[in-house]
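K.L.:
got a predicted structure here, sequence first:
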Amino acid sequence: MARTNITGSSPGFVVDYNATARSDGRQIDWTNVSAGYIPAGLTKKVIPAGTIMAKNADGKIIPRKDVAAAFAANPSDWAGTETAGGFLVSNADEGSNAMSLSGFGMFVGGVFYRELLPDRGETNFNDWIAEVVDAGYSVRLETYSDSRAA
């Protein structure tokens, strides 16, 4: 019998995958995800892995930075007070036939590289991390460094 090698992988922003906490799958409310998530030359939205997400009352999620706009556009579904609840585990592609109907996984706790999180440059980044912690989860941010060129 031939030998089989399996290489496990995890998102690059995760320091130790075995030390993460995950929630069950969440559906994305694509109508309330801003057009800023449409990559140049494409027509569908793509939310990168590691994006900080907020959940509304019916359990659907959107990027945390879109909460105020979602409330302004659709106050019947979004209160405008939703807080960060975790980090998207994998890239989410709008309309993809390969994506699960049960939703997208979320890390609700763990140790992550700050510099590799897509929202790191947002003004409210630290506040959103605090919201995840206030929800009862442990989040630790480490500094990423690459010494391969040294």
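P.N.:
That came through fine.
K.L.:
just the helices in the chain please.
P.N.:
67-73, 125-134 (DSSP state H).
K.L.:
which parts of the last one are buried?
P.N.:
It stands for helix 125-134. Of the residues in helix 125-134, 125, 128, 129, 131, 132 count as buried by neighbour count, 16 or more other C-beta atoms under 10 Å. Where you see a C-beta, it was placed from the backbone N, CA and C, and this is true even at glycine.
K.L.:
list the contacts of the second one.
P.N.:
By C-beta atoms under 8 Å, 6 or more residues apart in numbering, the residues touching residue 128 are 52, 64, 83, 84, 119, 122.
K.L.:
and it, how far from residue 40?
P.N.:
26 Å (C-beta to C-beta, to the nearest Å).
K.L.:
do the last one as well
P.N.:
To residue 40, residue 132 is 30 Å away according to C-beta to C-beta.
K.L.:
give me the buried stretch members for stretch 69-89, please.
P.N.:
Neighbour-count burial for stretch 69-89 [16+ other C-beta under 10 Å]: 69-71, 77-78, 82-89.
K.L.:
who's the one residue sitting closest to the centre of the chain bridged to?
P.N.:
Nearest to the geometric centre of the chain sits residue 88, at 2.4 Å (C-alpha atoms, centre = their mean). Residue 88 has these beta-bridge partners by DSSP bridges: residue 106.
K.L.:
hang on, residue 114 packs against residue 142?
P.N.:
Yes - with contact defined as C-beta atoms under 8 Å, residue 114 and residue 142 form a contacting pair (6.9 Å).
K.L.:
partner strands of the helix or strand of the chain with the lowest mean pLDDT, with direction?
P.N.:
One helix or strand of the chain scores below all others by mean pLDDT, DSSP states H and E: strand 21-26, with a mean of 89. Strand pairing for strand 21-26, using DSSP bridges, gives strand 104-113 (antiparallel).
K.L.:
what angle do the partner strand and helix 125-134 make?
P.N.:
Angle, strand 104-113 to helix 125-134, by axes from the mean of the first three to the mean of the last three C-alpha atoms, to 10 degrees: 110 degrees.
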